[in-house]
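**Q** pasting the structure only:
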């Protein structure tokens, strides 16, 4: 895959279906994330947000077309999809509590075989000094906000083209969430990292995003440019508490 | 992986010096029988280390590692005698056979976890003895069988019994040290991190491209291989194999030793064996003390090594839930969701 192609198309999902046993969770989603942009998927609990991200990574029983930079990735295994440049920050952070902060970062680089892995660890320690201070500490001893920073930098250790963020605001204090979203925005602006965020915190997520989608019961009910969605009465009522 | 404070490192250093000195002096102060018994204790570290890899680092409880010790011993005996392989090759075959049987158990471990895997491995340990009685060609059946080949000292060391005992002692220590070093390197390598990440959170591990199936099976087979090596060295020491040595209790003691020493710490496997031996010896001494009424009656109980061990296990899980190796580790644990 050449980066030039990716420059144009980013991530495209077409007719994405997923089910757990007999229960159909996603019923044909179409969405995309343009290269270098941020898309957000809004939805209530149980709408299928997490499943959408898992379906992209082929971690659940799913069908439909998912392509990254014009290359079909819907039939690849998870490890292969990571190698193609998709990184995933799971819901609830999913740090490895009994591994040190450094080891957590190194696991993020599991699919890499180059010699620059340790340089990248140092780089993330520079960006998040609080992680550097705790590099030898077990990840389980970090606070929720620190763990989210760790989870994000761990995901970025694979040098992804696309970052999937699963409800990064979950369970964090409002001030920490704001700080975190500022960092996400900077990351996108400074490095051009493409992001797909699923969130319930519509305000902050729409501020950061270029494009937004609203899913209900596994179907997209609304979509459009983020600022337009923000002023949409239905979204305001459901998510923005207006 | 547990992080240790500077003070603990000093203590570990002192412990290391003590153990080394003790190991060095042993051959000069022991009879051949004593030396053999000490060597047996030393090689039991390997079986404990095996459990530690599966349970402490891989997160898969195994109550049946005595089985792999048995497989390693039977296979080594078979290859050295029936196949007339040289000792080193036969020992390697013992490791390989145990690893392969470990991989077979590792496959169900893909699907079942926690208490269910514990039960499965326990069942395996229960079935092993009656099963091995059925294959006398390999195991010598009910009564076991003597191994013809002898692991003797080379001529230049002399042909006394002591020379051979010391030779086996040194050989086993070197093998154990080598295995400890290799394991330490493994758990701190990329593969070892994958193993530990999987133990902590398998969904997250999969997200970073770790192959759950392959990692679990490899972890279990390495852990079984270490136990198999312990079995192989048993044959080196005592040229006799018998299903009698591989009862369920043996498996449980190996597991308990790993827990007492500290799961998830290489050093803990050594500490566990030291503690088990120490407890046992202490119990034996105290049980001889008479004339203190009820206290003596209690001491009588201490003769039962299993009793001492059980009490130790219960006490430790309350006082030091991370085992002996976990004493003094910074334990600011929160559940990392």
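**A** Nice, thanks for sending it over. In this text the structure is predicted, and so the values were computed from the model without any measurement.

**Q** Buried residues of the longest helix seen in chain A, list them for me.
**A** As assigned by DSSP state H, the longest helix anywhere in chain A is helix A:174-191. Using 16 or more other C-beta atoms under 10 Å in any protein chain shown as the burial criterion, the residues of helix A:174-191 that qualify are A:176-177, A:180-181, A:183-185, A:187-188. Placement of C-beta: from N, CA and C, glycine included.

**Q** One more: stretch B:152-162?
**A** Across stretch B:152-162, burial judged by 16+ other C-beta under 10 Å covers residue B:153.

**Q** tell me the mean pLDDT for that stretch?
**A** Taken as a whole, stretch B:152-162 has an average pLDDT of 82.

**Q** so what's residue B:48 up against?
**A** For residue B:48, the contact set (C-beta atoms under 8 Å, 6 or more residues apart in numbering or on different chains) comprises B:254, B:257-258, B:261, B:269, B:272-273.

**Q** Rebuild these as JSON lines, extending it with secondary structure.
**A** Listed next are the contacts of residue B:48 as JSON lines, based on DSSP: H, G, I helix; E, B strand; the rest coil:
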{"residue": "B:254", "secondary structure": "helix"}
{"residue": "B:257", "secondary structure": "helix"}
{"residue": "B:258", "secondary structure": "helix"}
{"residue": "B:261", "secondary structure": "helix"}
{"residue": "B:269", "secondary structure": "helix"}
{"residue": "B:272", "secondary structure": "helix"}
{"residue": "B:273", "secondary structure": "helix"}
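
**Q** Kindly tell me how buried the closest residue to residue B:27 other than its chain neighbours is, as a neighbour count.
**A** Among residues not flanking residue B:27 along the chain, residue B:166 sits closest, at 4.8 Å (C-beta to C-beta, 6 or more residues apart in numbering or on different chains). Residue B:166 has 21 neighbours, counted by other C-beta atoms under 10 Å in any protein chain shown.

**Q** What of residue B:106?
**A** 26.

**Q** now residue A:45
**A** Other residues close to residue A:45 by other C-beta under 10 Å number 8.

**Q** if I look at the closest residue to it other than its chain neighbours, how far off is chain B?
**A** Spatially, and ignoring its direct neighbours in sequence, residue A:45 is nearest to residue A:200 (7.6 Å; C-beta to C-beta, 6+ apart). According to C-beta to the nearest C-beta, to the nearest Å, residue A:200 and chain B sit 17 Å apart.

**Q** Return the set of buried residues in the strand or helix carrying residue A:132.
**A** Using DSSP states H and E, residue A:132 sits within helix A:129-133. Neighbour counts over helix A:129-133 (16+ other C-beta under 10 Å) mark residue A:131 as buried.

**Q** ok, now stretch A:192-212?
**A** Buried residues in stretch A:192-212, counted by 16+ other C-beta under 10 Å: A:193-199, A:201-202, A:204-206, A:208-212.

**Q** what's the span of it, first residue to last?
**A** 18 Å (C-alpha to C-alpha, to the nearest Å).

**Q** List the contacts of residue B:69.
**A** Residue B:69 is in contact with B:47, B:98, B:227-228, B:230-231, B:234, B:246, B:250, B:254, counting by C-beta under 8 Å, 6+ apart.

**Q** part of a helix, is it?
**A** Yes. Assessed with three-state DSSP, residue B:69 lies in a helix.

**Q** From chain A, how far off is the closest residue to it other than its chain neighbours?
**A** Nearest non-adjacent residue to residue B:69, counting by C-beta to C-beta, 6+ apart: residue B:231, 4.1 Å away. Look at residue B:231 and chain A: by C-beta to the nearest C-beta, they are 30 Å apart.

**Q** Just confirm residue B:231 contacts residue B:67, I think it does.
**A** No. The criterion here is C-beta atoms under 8 Å, and residue B:231 misses it with residue B:67 at 9.6 Å.

**Q** Common neighbours of the two, please.
**A** By C-beta under 8 Å, 6+ apart, residue B:231 and residue B:67 have no common neighbours.

**Q** which SSE is the residue nearest to residue B:27 in?
**A** Using DSSP H and E, residue B:166 sits in helix B:161-187.

**Q** same deal with residue B:40?
**A** Following DSSP H and E, one finds residue B:40 within helix B:32-51.

**Q** So residue A:171 is in contact with residue A:144, correct?
**A** Yes. If you go by C-beta under 8 Å, residue A:171 and residue A:144 touch, sitting 5.8 Å apart.

**Q** Chain A: helices as residue ranges?
**A** Along chain A, counting by DSSP H, helices occupy A:3-9, A:49-56, A:78-83, A:101-108, A:117-127, A:129-133, A:144-156, A:174-191, A:202-208, A:226-231, A:233-235.
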